[in-house]
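Undergrad: need coordinates for the following:
(one chain, ligands or ions: 1)
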Amino acid sequence: MRSNLSYPVLIILLALYSTACGPDSQNQAVTPTEEVSEISPEQIDHLGITNPDKLSAASKRALKWPDVGNEWFGEFRVFDLKGDLAYEEGVVRRDPSAMIYEEGKYFVWYSKSTGPSQGFGGNVEVDKVFPWDRCDIWYATSEDGWTWKEEGPAVKRGAKGAYDDRSVFTVEIMAHEGKYYLCYQTVKSPYNVRVKNQVGLAWADSPHGPWTKSEKPILSPADNGVWKGEEQNRFNVVRKGDFDSHKVHDPCILHYKGKFYLYYKGEQMGEEITFGGRQIRHGVAIADDPLGPYVKSPYNPISNSGHEICVWPFQGGIGSLITTDGPEKNTIQWSPDGINFEIQSVIKGAPHAIGLNRALADTDTEPFKIFEWGLTHQYKNSDYQYIRRFSGKRRVNHVAKGASAKTNQ
Ligand code: AAL
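TA: Predicted coordinates:
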């Protein structure tokens with residue numbers, strides 16, 4: 001039976017516990033030294049705890065959960081697009097940017113390449129190693145977000161010898177004070193396993209371009225990792241270095257608190273598989289001017305999980321969708337300052353490589369509004385990916401078939 005008593009301070013000391021009871025005691029949970037304080041009768045009732053004197057490790061964690069409701073909890077559905085962005089055999093279209101709305105149309109930018117990829121087994125000088133290798137950045141427009149017209153290339157690979165001569169891909173758009181900024185990944189040839197990836201920037205006065213490219217990358221990997229041996233093996237390291245010592249990926253610039261926050265995904269030399277999957281973390285670099293210089297935050301990494309960057313301003317802070325890799329994958333997080341993110345909800349799994357709809361109205365009113373609809377990509381197979389549309393909805397109840405949502409929640 002549940003107790004109605006208040007439990008002002010319950011201190012659980014593993015040291016005390018292990019000497020008193022031993023770790024194999026049947027009635028005690030084995031937990032690290034931990035303090036649980038101020039358990040209210042409401043919390044005990046809400047969490048369904050049987051006996052507050054005997055808290056399992058799971059109940060102790062539950063007692064530390066933030067006091068959030070289901071505002072950040074929701075589900076996604078994905079649909080095919082029409083027109084030029086419908087699946088096209090032999091063509092890769094992937095990693096859509098956010099959408100902006102100009103001239104009565106939605107605009108999106110994306111990576112485009114053709115033909116299958118051969119991987120790293122052959123001659124990387126001539127092969128296409130990944131679907132995102134040998135890409136240029138293209139753009140498309142749509143009046144309704146369903147039927148799209150491909151307008152042509154926006155940013156092409158650089159001339160031989162340039163830092164972006166091999167591929168430009170995984171782009172994001174920022175519209176700011178009448179100007180347009182595309183930030184994107186770059187690779188210089190040869191695209192081998194140990195190649196470093198950087199971030200480039202291009203700007204224009206119109207979403208149709210013409211685009212001026214930065215002469216140098218605006219972001220590069222940390223240079224404090226050390227490869228071991230000469231073999232093209234990214235797991236062999238003398239020292240791994242920072243979370244972004246190998247690659248800086250998935251850049252996305254937000255105008256925030258009068259500055260420009262460039263969020264990105266880091267890949268580390270000597271990446272490991274952890275209990276949450278690949279060791280992937282996000283970082284941020286901040287500039288006073290959209291063209292940079294971008295200075296990496298000393299608080300990096302700012303996530304311990306994730307993959308493609310999906311960030312948006314929300315109620316004075318920044319929201320972030322964390323997918324694919326790491327112990328906190330499939331969570332939506334929020335930070336009051338763009339740096340210190342906390343989990344707000346755990347979701348079933350969201351579409352990957354989301355291109356948010358920056359034109360949606362009232363996205364500050366409730367957290368899931370930003371996911372009303374947007375773009376994503378999907379793998380047809382390992383060679384070909386195509387762009388699709390998602391819609392997301394906050395979820396507030398779980399209703400049995402035939403029952404009413406009012407009576408069966
Ligand atoms: C994506 C992104 C980056 C990677 C590749 C293409 O999911 O993280 O863009 O480089 O895969």
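
Undergrad: could you pull out the helices for this structure?
TA: Secondary structure of the chain (DSSP state H): helices at 14-20, 41-47, 57-64.

Undergrad: got the buried residues for the longest one?
TA: Neighbour-count burial for helix 57-64 flags 59, 60, 63 (criterion: 16 or more other CB atoms under 10 Å). For glycine as for every other residue, the C-beta is placed from the backbone atoms N, C-alpha and C.

Undergrad: report all helices and strands that that helix contacts.
TA: When contacts are defined as 3 or more CB pairs under 8 Å, 6 or more residues apart in numbering; DSSP states H and E, helix 57-64 packs onto strand 34-39, helix 41-47.

Undergrad: run the last query once more with 10 Å
TA: Packing partners of helix 57-64 (3 or more CB pairs under 10 Å, 6 or more residues apart in numbering; DSSP states H and E): strand 7-12, strand 34-39, helix 41-47.

Undergrad: summarise which helices and strands the longest one is packed against.
TA: Which is helix 41-47. Using 3+ CB pairs under 10 Å, 6+ apart, the elements in contact with helix 41-47 are strand 7-12, helix 57-64.

Undergrad: tell me the domain boundaries of the chain?
TA: Taking automatic domain parsing as the reference, the chain has its domains at 7-63, 74-394.

Undergrad: these: lowest mean pLDDT?
TA: Lowest mean pLDDT of the domains of the chain: domain 7-63, a mean of 65.

Undergrad: residue 337 and residue 313 touch, don't they?
TA: No: assessed by CB atoms under 10 Å, residue 337 is found out of contact with residue 313, at 12.0 Å.

Undergrad: okay, and the common contacts of these two?
TA: 256, 257 (CB atoms under 10 Å, 6 or more residues apart in numbering).

Undergrad: which one's more surrounded, these two?
TA: The neighbour count for residue 337 versus residue 313, taken as other CB atoms under 10 Å, is higher for residue 313 (18 against 12).

Undergrad: need the contact list for the more buried one.
TA: Contacts of residue 313 were listed using CB under 10 Å, 6+ apart, and they are 254, 255, 256, 257, 261, 319, 338, 358, 363, 364, 370.

Undergrad: excluding chain neighbours, what is closest to the fourth one?
TA: Spelled out, that is residue 257. Excluding the flanking residues, the one nearest residue 257 by CB to CB, 6 or more residues apart in numbering is residue 338, at 7.2 Å.

Undergrad: which ones are touching that neighbour?
TA: Residue 338 sits next to 254, 256-257, 259, 261, 263, 284, 286, 297, 299, 302, 311, 313, 316-318, 320 when contact means CB under 10 Å, 6+ apart.

Undergrad: mind checking which of the residues you listed are in strands?
TA: Those of the contacts of residue 338 mapping onto strands are 254, 256, 259, 261, 263, 284, 286, 311, 313, 317, 318, 320, per DSSP state E.

Undergrad: nearest to the ligand, of those?
TA: When the ones in strands among the contacts of residue 338 are compared for distance to the ligand (CB to the nearest ligand atom), residue 263 wins out at 12.5 Å.

Undergrad: distance of that closest one from residue 152?
TA: Per CB to CB, to the nearest Å, residue 263 is found 28 Å from residue 152.

Undergrad: this protein against the ligand: which residues are in contact?
TA: Residues of the chain lying close to the ligand by CB under 6 Å from any ligand atom are 95, 132, 169, 170, 185, 249, 250, 265, 307, 308, 353.

Undergrad: which pair of these spans the longest distance?
TA: Pairwise distances across the residues of the chain next to the ligand (CB to CB) peak at 14.9 Å, for the pair 169 and 307.

Undergrad: what about those two, which has more around it?
TA: Counted by other CB under 10 Å, residue 169 and residue 307 do not tie: residue 169 has more neighbours, with 29 against 21.

Undergrad: run through the bridge partners of that one.
TA: residue 185 (DSSP bridges).

Undergrad: contacting residues for it?
TA: The neighbours of residue 169, taking CB under 10 Å, 6+ apart as the test, are 92, 94-95, 110-113, 130-137, 155, 157, 184-187, 197, 249.
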